[in-house]
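A.B. asks: let's see this in three dimensions:
(chains A, B, C and D)
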2 protein chains.
Amino acid sequence: MVAATGVSVGHDELATLKHLALLGALDGEEKFSCSSLAERLDTSTQTASRRLQALDGAEYVDREVVSDGQWISITDAGESALQREYADYRRIFEGESSVELDGAVTSGMGEGRHYISLPGYMEQFVDRLGYEPFKGTLNVNLDDESVRTRARLSSFEPITIDGWEGDERTYGPAYCYPATVENDAGDRYEQAHVITPERTHHDEDQLEVIAPAKLRDELDLEDGSEVIVHVSEQ
Amino acid sequence: MVAATGVSVGHDELATLKHLALLGALDGEEKFSCSSLAERLDTSTQTASRRLQALDGAEYVDREVVSDGQWISITDAGESALQREYADYRRIFEGESSVELDGAVTSGMGEGRHYISLPGYMEQFVDRLGYEPFKGTLNVNLDDESVRTRARLSSFEPITIDGWEGDERTYGPAYCYPATVENDAGDRYEQAHVITPERTHHDEDQLEVIAPAKLRDELDLEDGSEVIVHVSEQ
DNA sequence: ATTACTAGTTTACGAGTAA
DNA sequence: TTTACTCGTAAACTAGTAA
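C.D. replies: Prediction:
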């Protein structure tokens, strides 16, 4: 387990992060002072300072303290936290439990093919997804906006694929989300699933999709083909 | 000043309210137990219990404690709090700082006409809105959905009209928000403002709109005419 | 099983201060 | 002015218990 920086992010800190976002800290560095923030948050300057330290410690913001204030920008991790929150509210008020992710088909590294073929995973797919997947994953290179919005997925209740201990190594758990893949001709393949490892990587710009059939054939896809992946709740 | 019940609603309580909403407590009474909630909130059952008491005290939820749990439903005030939160996130991610409110023109009580005609208000309108309003307000009976979504307005930065002390009584402050009024023919009148008293009434189903001209003439409106009021940020 | 009280501990807070 | 430290106090937490 990688040691966290020890500073916990509670709801107060998240509310602070929301205010920073409203003040423009998502679009690059923005200058703040603890006193102005304290007024907005209706607390003391000391508490405002502590909140920023906590967000910094959790790597939700990058900041540079200067003599007359500090320059703050929200990190990708911080934005993801806000996206998850947004997804919750969208679900509450819009009933929207789907996320649309756009990108281009890529050949990827072929790792996915190896992993999903392992019996330990395959048996669970049959049991929990209701089909035996084609032995290969469709890799999608997400566009910039979708890289950001994919964080909303984590507000969904996933179908969990358990990990297990192998002979030489351990195989980690994975999360599956029902998905429909649409090509640029508007054809849709409905019975697919987005699959992501429980422990997320650093580059979240690739999406892996599994399905009972070979999606490249079903939807006439090749490298570079634009696809829309509609991810829904279980 | 009406005495609040003394229980403060912090970010922890709001997060709890969000979870209740996600679990369906907006659509009527839903049954919960503190232990199941505690698990979801990652706290102790005692804390879950206190959160619910706090939400109850703030009148954000109605609840009925029974022997094996409690029936909880979110009140209008609670839903408004969530709507304000949602509006913040929409602004962050969609850049949307506008709210669309639908309703039907009504004659109202004619109070608005009296109040806005007072010199104490009128001078501020000229100064801060940039025009002298027609001496009358367009009253709109909001439909059910708009009654709920109007809470999002309170996340906007209003144009503040100050109150003052009169000879016999005090005249309270009011908030104005730039608005465009659209009739069912699609005609739009852009230079209008929604005006609301700072101290909100209990019935929030009426919207009052002021404009430099008589909106009923400009947009060919009569009682019962459907209008769309697009309220934007200052 | 519940909810919610009381008691003891921990954590968070704001005032004051230093850099 | 800033930020962030220390410190004494106040609030919030969990454990145990009663209803």
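A.B. asks: what residues does chain A put near chain B?
C.D. replies: A:10-12, A:14-15, A:18, A:21-22, A:26, A:82-83, A:85-86, A:88-93 (Cβ under 8 Å from any Cβ of the partner chain). In short, each C-beta sits where N, CA and C put it, glycine included.
A.B. asks: mind doing that once more with 6 Å?
C.D. replies: A:11-12, A:15, A:21, A:86, A:88-89, A:92-93 (Cβ under 6 Å from any Cβ of the partner chain).
A.B. asks: now the residue nearest to residue A:181 when sequence neighbours are not counted: how far from residue A:128?
C.D. replies: Of all residues not flanking residue A:181 in the chain, residue A:189 sits nearest, at 4.8 Å (Cβ to Cβ, 6 or more residues apart in numbering or on different chains). From residue A:189 across to residue A:128, the span is 19 Å (Cβ to Cβ, to the nearest Å).
A.B. asks: distance check, the most centrally placed residue in chain A against DNA strand C.
C.D. replies: Centroid-nearest residue in chain A: residue A:151, 2.9 Å away (criterion: Cα atoms, centre = their mean). Distance, residue A:151 to DNA strand C, by Cβ to the nearest atom of the strand, to the nearest Å: 25 Å.
A.B. asks: three-state assignment of that residue?
C.D. replies: helix (DSSP: H, G, I helix; E, B strand; the rest coil).
A.B. asks: look up how far residue B:21 lies from it.
C.D. replies: 20 Å.
A.B. asks: how many residues are close by residue A:98?
C.D. replies: Residue A:98 has 18 neighbouring residues, counting by other Cβ atoms under 10 Å in any protein chain shown.
A.B. asks: okay, and the beta partners of it?
C.D. replies: residue A:232 (DSSP bridges).
A.B. asks: right, and it touches residue A:229 too?
C.D. replies: No: under the criterion of Cβ atoms under 6 Å, residue A:98 makes no contact with residue A:229, lying 10.3 Å away.
A.B. asks: list the contacts for the residue nearest to the centre of chain A?
C.D. replies: A:80, A:83-84 (Cβ atoms under 6 Å, 6 or more residues apart in numbering or on different chains).
A.B. asks: in the lowest-mean-pLDDT helix or strand in chain A, which residues are buried?
C.D. replies: Sorting the helices and strands of chain A by mean pLDDT, DSSP states H and E puts helix A:111-117 at the bottom, at a mean of 87. Neighbour-count burial for helix A:111-117, with 16 or more other Cβ atoms under 10 Å in any protein chain shown as criterion, is recorded at A:112, A:115-116.
A.B. asks: okay, residue A:1: pLDDT?
C.D. replies: With respect to pLDDT, residue A:1 scores 30.
A.B. asks: repeat for the one 10 residues further on
C.D. replies: pLDDT for residue A:11: 97.
A.B. asks: ok, it touching residue B:12?
C.D. replies: Yes: the pair residue A:11 / residue B:12 is scored as a contact, 5.1 Å apart, by Cβ under 6 Å.
A.B. asks: look up how far chain B lies from residue A:71.
C.D. replies: Distance, residue A:71 to chain B, by Cβ to the nearest Cβ, to the nearest Å: 19 Å.
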